[in-house]
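In: Compute the structure for the input listed below.
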Amino acid sequence: MLILNVSIGGSGNFNTFTNNKKGTTISAEEHIWLKNSGDGHWDYLNNDYSPAEVTTYKFLAIDNSALASDVEGDLNLANRTISLTVPSGTDLTGLVATFTLVTGASAQVGTTSQLSGTTSNNFTNPVIYTVFDTADSSKTTNWTVTVTVSP
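Out: Residues are numbered from 1 along each chain as shown. Next up, the predicted model:
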C-alpha cells in the first residue's frame with residue numbers, strides 16, 4: 001500500500017492519504033493535484049489513478065469466432081503486463097480484445113488506434129499497447145499483452 005503525505009495548511013502539518021478514491025470507482029476528479037509540481041499521482045504506480053492505465057482486458061467469444069468461450073486477461077499492474085491463455089488450436093492472427101481504460105485515456109498498437117471490441121490484432125507475438133492520457137499525450141504507459149495457447 002502506498003502512503004502519500006501531503007502538507008496542507010503550511011509546513012509540518014501533514015495529513016496521510018491512503019486508498020484515495022470514492023467507493024470502487026477511480027476517476028480523474030478524485031485524484032490529488034499538487035499545485036506547484038503537477039499531478040501527484042502520475043509517478044506513483046498503484047495510487048489508484050493514473051491517466052494512462054488499462055483496467056480490464058479480455059477476449060469475448062461473441063467478437064472472436066476462434067473462441068468458444070470468453071477469455072479473461074490477468075493484469076499485472078506493477079509490470080504493466082496482461083496475460084491470457086486460449087484453448088489449443090486457437091488462431092491468434094485476428095483476435096479482438098475488449099478492454100477498459102481509465103477515463104480520459106486512449107490506446108494504440110503501433111500507429112493503429114485501438115477500439116475496444118472492434119480492432120483486431122495478431123497475437124502470435126506479444127503486442128504492446130501504448131495508452132495515452134488524452135489531456136496530455138506526453139503521459140503514456142506501455143502494456144505488453146502476451147497470449148499463450150494451451151497445449
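In: Please count neighbours and contacts with C-alpha atoms only from this point.
Out: OK.
In: In the host helix or strand of residue 85, which residues are buried?
Out: For residue 85, the enclosing helix or strand under DSSP states H and E is strand 81-86. The neighbour-count check on strand 81-86 (16 or more other C-alpha atoms under 10 Å) flags 81, 82, 83, 84, 86 as buried.
In: Give the other helices and strands that that strand contacts.
Out: Other helices and strands packing on strand 81-86, by 3 or more C-alpha pairs under 8 Å, 6 or more residues apart in numbering; DSSP states H and E, are strand 71-72, strand 74-76, strand 136-149.
In: Using JSON lines, please lay out these together with distance to residue 119, mean neighbour count and mean pLDDT.
Out: As requested, the helices and strands packed on strand 81-86 are exported to JSON lines (distance: least, C-alpha to C-alpha, whole Å; neighbours: other C-alpha atoms under 10 Å; pLDDT from 0 to 100):
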{"stretch": "strand 71-72", "distance to residue 119": "17", "mean neighbour count": "17", "mean pLDDT": "98"}
{"stretch": "strand 74-76", "distance to residue 119": "20", "mean neighbour count": "16", "mean pLDDT": "93"}
{"stretch": "strand 136-149", "distance to residue 119": "15", "mean neighbour count": "17", "mean pLDDT": "89"}
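In: need the ones you listed in a markdown table with distance to residue 57, can you?
Out: Below are those laid out as a markdown table (distance: least, C-alpha to C-alpha, whole Å):
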| stretch | distance to residue 57 |
| --- | --- |
| strand 71-72 | 7 |
| strand 74-76 | 8 |
| strand 136-149 | 9 |
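In: Strands of this protein, start to end?
Out: Applying DSSP state E to the chain gives strands spanning 4-7, 14-17, 33-34, 38-39, 54-59, 71-72, 74-76, 81-86, 95-101, 105-109, 112-113, 120-121, 127-133, 136-149.
In: For residue 118, see how far away residue 97 is.
Out: Separation of residue 97 from residue 118 (C-alpha to C-alpha, to the nearest Å): 7 Å.
In: Oops, could you answer that again for residue 107 instead?
Out: The gap separating residue 107 from residue 118 is 13 Å, by C-alpha to C-alpha.
In: Perfect, that will be all.
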